[in-house]
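[1] sharing a sequence plus its predicted fold:
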Amino acid sequence: MRFAEPLGLLLLAFPLARAWFLWRRRREPPAHLGFSSLALLADAPVTARARWQPVLPWLVPLGLALLIVALARPQQARHVEDIRIKSRNLVLVLDISSSMGAGDFKPNRLEVARRALADLAHRRDGDLLGLVIFAGRAFLQAPLTPDADLVEAILGRADIGQLPDGTAIGTALSLALAQVKDLPPAASAIVLVTDGANNTGKPSPFVAAEAARALGVRIHTIGLSSADTTTHDRSFIWRWGGREADRLTSADEAVLRRIAGRTGGRYFRATDPEALVRIMAAIDPLERVDVRIGETRDWGELFPFFVAPALLLLGAELLLGVGRLRTVP
């Protein structure tokens, strides 16, 4: 049971004060007149009027108390129904650092990742989707929106060089968390795609993972790197300072695995474009389970059950006070 207007219960102070006054009055010695001895009437039976007379003063405070409770609108739940949703709040986090231009994935890692994420977004009809890109810094490309076509279009324009180079995984995850922190955590998740280890930015990936764990938001991590990262793409080597493609090490994988594990998500390793497609297909059903986010109740009013006896008590006091139980001052 609940009260729709609980502040109304403060008015109970008045009938309680009246009841306290009656109780104190009973303890005070009554004023009296002297009569001759009534000892001869000691064995006379007590009449109903005499028995009920002390009850009469208490009918008014009790009736008023019931009326005040009725004014507070007591309610009882008649029907309880779970609120469940199938839609999700998904934030896609994409690495656009220079190493994502490596040609071990054809045409390169970034293009393959963009296609896979766009395909995932296309299948998430009814979900809220967001996009964060990162390199040495992180940037919110698309806040949460139900427009999957818009997210796909923005994904297609994400490219290397839009941000200073580096891999700020922790910063990107923190920015993604900011988009879902006020939403139902069981219906929120982050999908991170990267090919390297965190080497810049704050907070650290582990701090971001702990924040996600505290909020109840899952992070699925995907590491991109083929077994053989040697590239013969001379334009890539020339463009990014003569470096061969970076390889995802076991230490890098341990970081991504720990991020996912601490938040209840999963870690995946994609060694070729086909594997990445399979990973996205595996993530899709993980975020399609019905989630209970609350309940709705149909509340029934109970005030008539308090008003009726209150009126009976007040009416009885009025009628009896001028009738059978009347007293002479």
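    Arrived safely, thanks for sending.

[2] so what pLDDT did the residue nearest in space to the middle of the chain get?
    What sits nearest the mean C-alpha location of the chain, by C-alpha atoms, centre = their mean, is Pro184, with 4.3 Å. Pro184 is assigned a predicted lDDT (pLDDT) of 82.

[3] could you shift the numbering so residue one becomes 537, and keep it that way?
    Let's use 537 as the start, then, which means that last one is Pro720.

[4] mind listing what's buried in stretch 667-679?
    Taking 16 or more other C-beta atoms under 10 Å as the basis for neighbour counts, the residues of stretch 667-679 that come out buried are 667-678. Heads up, the C-betas are built off the backbone N, CA and C, glycines and all.

[5] got it, and stretch 834-843?
    By 16+ other C-beta under 10 Å, the buried positions in stretch 834-843 come out as 838-839, 842.

[6] now those as a markdown table including distance to Ile632?
    Compiled in a markdown table, these are given as follows (distance: C-beta to C-beta, whole Å):
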| residue | distance to Ile632 |
| --- | --- |
| Leu838 | 61 |
| Phe839 | 62 |
| Phe842 | 66 |
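
[7] a markdown table for these, including pLDDT and secondary structure?
    As requested, these are exported to a markdown table (pLDDT from 0 to 100; DSSP: H, G, I helix; E, B strand; the rest coil):
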| residue | pLDDT | secondary structure |
| --- | --- | --- |
| Leu838 | 86 | coil |
| Phe839 | 85 | coil |
| Phe842 | 89 | helix |
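
[8] what is the nearest of those to Leu784?
    Nearest to Leu784 out of those is Leu838 (C-beta to C-beta; 63.9 Å).

[9] now do the closest one against Ala844, distance only.
    Counting by C-beta to C-beta, to the nearest Å, the gap between Leu838 and Ala844 amounts to 11 Å.

[10] repeat that for Ile690.
    Distance, Ile690 to Ala844, using C-beta to C-beta: 64 Å.

[11] and Val716, by the same measure?
    If you measure Val716 against Ala844 using C-beta to C-beta, the figure is 51 Å.

[12] so who does the spatially closest residue to Pro739 that is not a sequence neighbour touch?
    Nearest residue to Pro739 in three dimensions, chain neighbours excluded: Gly706, at 4.8 Å (C-beta to C-beta, 6 or more residues apart in numbering). Residues counted as contacts of Gly706 (C-beta atoms under 8 Å, 6 or more residues apart in numbering) are 734, 737-744.

[13] SS state for Gly706?
    For Gly706, the assignment made with DSSP: H, G, I helix; E, B strand; the rest coil gives helix.

[14] do Ala613 as well
    Under the three-state scheme (three-state DSSP), Ala613 adopts strand.

[15] pretty sure it sits against Glu837.
    No: Ala613 is not in contact with Glu837 according to C-beta atoms under 8 Å; the separation is 11.9 Å.

[16] helices of the stretch 537-686 of the chain, start to end?
    Taking DSSP state H, counting those that start in this stretch as the criterion, the stretch 537-686 of the chain contains helices spanning 549-563, 584-588, 592-607, 645-659, 684-693.

[17] same question, the stretch 737-865 of the chain
    Going by DSSP H, counting those that start in this stretch, the stretch 737-865 of the chain shows helices at 741-751, 770-775, 786-799, 809-822, 840-858.

[18] ok, the residue nearest to the centre of the chain to Leu709 distance?
    Distance of Pro720 to Leu709, computed by C-beta to C-beta: 19 Å.

[19] equivalent analysis for Asp685, please.
    Distance from Asp685 to Leu709, by C-beta to C-beta: 26 Å.
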